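Colleague: build me a structure from this.
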Amino acid sequence: MPEEILKVEKLSFKYDDKNILNDISFTLDVGDFVGILGPNGCGKSTLLKNINRWLKPHSGSVYIDDSNVLKLSVKDLAKRVATVPQDTSLEDIGFTVEQVVSMGRNPHLKSFERERLQDMSIIEDSMKTMDVLHLRDKPVNQLSGGEKQRVLIARALAQQPTLLLLDEPTSHLDINYQWELLELLKDLCVKKSLTILVVLHDINLASMFCNKVILLKDHRIFQMGYLNEVITEQNIKEVFNMNVRVEYPDDRKRPVIIFLNLAAEDPEPRPFERLHVICGGGEGEKLLYYLSQRGYKVSTGVLNKGDTDWKVARLLGFTIVEEVPFSPITEEKVMENTAYIKESDAIIIANIPFGFGNLKNLVCIEQLAAEKTIFILEEKDIESRDYTNGKAAEIYNKIKSRATVLTSMEELKKII
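Modeller: Purely as a prediction, here's the structure:
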């Protein structure tokens with residue numbers, strides 16, 4: 001039977017006379033990775049601040065390990081609950097990474113006590129876990145956004161909490177850092193039985209990594225439960241007032257949410273049903289999101305696992321011809337890619353660089369170019385993107401002679 005670690009009971013909170021949280025009740029079990037979703041202003045951040053006692057509830061109670069948080073000392077609470085807030089700034093701090101992470105040991109030290117060998121071991125382990133150990137001597141104000149976020153989480157881990165609260169940790173990070181960060185957090189749940197409650201703004205990210213979701217609406221819990229129970233077309237319509245399709249592509253257990261914009265609801269039929277996209281390295285990110293919004297069925301050419309466009313395509317539930325990281329395209333993947341090209345109604349080649357690693361994507365298309373409708377998104381000449389001593393340009397230009405060339409996403413949107 002799961003072990004309960006957090007219990008929120010009939011919690012309400014007001015700013016002045018304005019209700020921010022109304023009658024919130026839920027529990028978390030050890031090892032849960034729970035995402036809080038909801039429109040702006042519904043009380044997501046305020047809920048975290050009531051759990052960690054940064055704010056005092058107007059009514060109701062919060063229990064950590066059966067202890068009422070209002071009755072715990074500051075140090076005792078900090079040993080159980082760690083928080084990574086949304087608005088922490090490290091720009092003006094001259095501390096090194098190791099010094100910032102060391103601050104997480106403060107709840108375990110007496111006044112003016114220095115870290116012991118055991119503390120230093122915990123600090124080092126926290127940096128290793130968040131992959132910032134190699135940055136230990138670097139000033140935090142010289143780090144990238146993703147690196148700073150990992151340092152803040154490492155500091156929280158140094159507290160050795162049983163519950164970790166995070167307020168939009170992926171905000172302002174690109175897809176690579178978002179994915180990397182949430183994978184690290186998921187790993188903590190699985191390997192260290194750490195319970196995580198995280199505010200997220202991206203429903204698909206929550207679906208990809210969380211095991212449960214809390215939907216807030218009008219300052220109340222609209223629904224909480226497992227993904228397939230909560231993430232439904234009707235629930236998202238009622239909470240966010242957005243039309244979506246919820247799908248389970250390739251028999252996945254986790255739902256994928258396709259947001260339907262005005263274009264997707266246009267009574268004019270789409271010119272194609274199934275598209276095959278050659279992309280990679282993040283150059284196809286905007287294109288893939290757009291095709292998802294339009295409701296196209298999409299497959300991609302060969303992408304190495306971990307590639308930025310691979311992450312976006314996976315997040316959107318598209319069919320991906322996958323190759324292992326840092327590996328050239330094998331003949332097996334050539335055959336798979338060719339099969340998807342044949343099934344597609346049209347092909348889109350994104351404005352990507354070509355090297356020997358992905359050249360076979362072009363070779364596959366060249367062999368079928370006479371049979372297919374092809375669109376090339378060409379924002380830069382192929383010569384500036386060819387790293388194969390002209391081989392890619394030669395094949396590309398043959399394909400281009402039969403293709404419709406578009407110089408911007410805006411041009412593409414008028415056709416696709």
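Colleague: helix or strand right after the helix-or-strand element of the chain with minimal mean pLDDT?
Modeller: Least confident helix or strand, the chain: helix 262-265 with a mean of 45, by mean pLDDT, DSSP states H and E. Using DSSP states H and E, the helix or strand that follows helix 262-265 in sequence is strand 274-278.
Colleague: count of residues packed around residue 44?
Modeller: Using other CB atoms under 10 Å, residue 44 is surrounded by 23 other residues. From N, CA and C alone the C-beta is placed, and that goes for glycine too.
Colleague: for it, phi and psi?
Modeller: Main-chain torsions, residue 44, degrees, to the nearest 10: phi -60, psi -50.
Colleague: surely it and residue 50 touch.
Modeller: No: between residue 44 and residue 50 there is no contact under CB atoms under 8 Å: 11.3 Å.
Colleague: the helices in the stretch 1-150 of the chain, which residues?
Modeller: Taking DSSP state H, counting those that start in this stretch as the criterion, the stretch 1-150 of the chain carries its helices at 44-51, 74-80, 97-102, 117-129, 145-158.
Colleague: could you dump the ones you listed into JSON lines with distance to residue 22 and mean pLDDT added?
Modeller: Shown next, in JSON lines, are these (distance: least, CB to CB, whole Å; pLDDT from 0 to 100):
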{"stretch": "helix 44-51", "distance to residue 22": "11", "mean pLDDT": "96"}
{"stretch": "helix 74-80", "distance to residue 22": "24", "mean pLDDT": "95"}
{"stretch": "helix 97-102", "distance to residue 22": "37", "mean pLDDT": "96"}
{"stretch": "helix 117-129", "distance to residue 22": "37", "mean pLDDT": "95"}
{"stretch": "helix 145-158", "distance to residue 22": "29", "mean pLDDT": "93"}
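Colleague: mind checking the SS state of the residue nearest to residue 230 when sequence neighbours are not counted?
Modeller: If the residues on either side of it in the chain are set aside, residue 230 comes closest to residue 213, at 4.6 Å by CB to CB, 6 or more residues apart in numbering. Secondary structure assignment for residue 213 (DSSP: H, G, I helix; E, B strand; the rest coil): strand.
Colleague: and residue 213, what does it touch?
Modeller: Shown in contact with residue 213 (CB atoms under 8 Å, 6 or more residues apart in numbering): 34, 35, 36, 37, 206, 207, 224, 225, 226, 227, 230, 231.
Colleague: how far away is it from residue 352?
Modeller: 35 Å (CB to CB, to the nearest Å).
Colleague: how is the chain carved up into domains?
Modeller: 4-241, 260-415 (automatic domain parsing).
Colleague: okay, and for the stretch 101-250 of the chain, where does confidence drop off?
Modeller: By pLDDT under 70, the low-scoring segments of the stretch 101-250 of the chain are 250.
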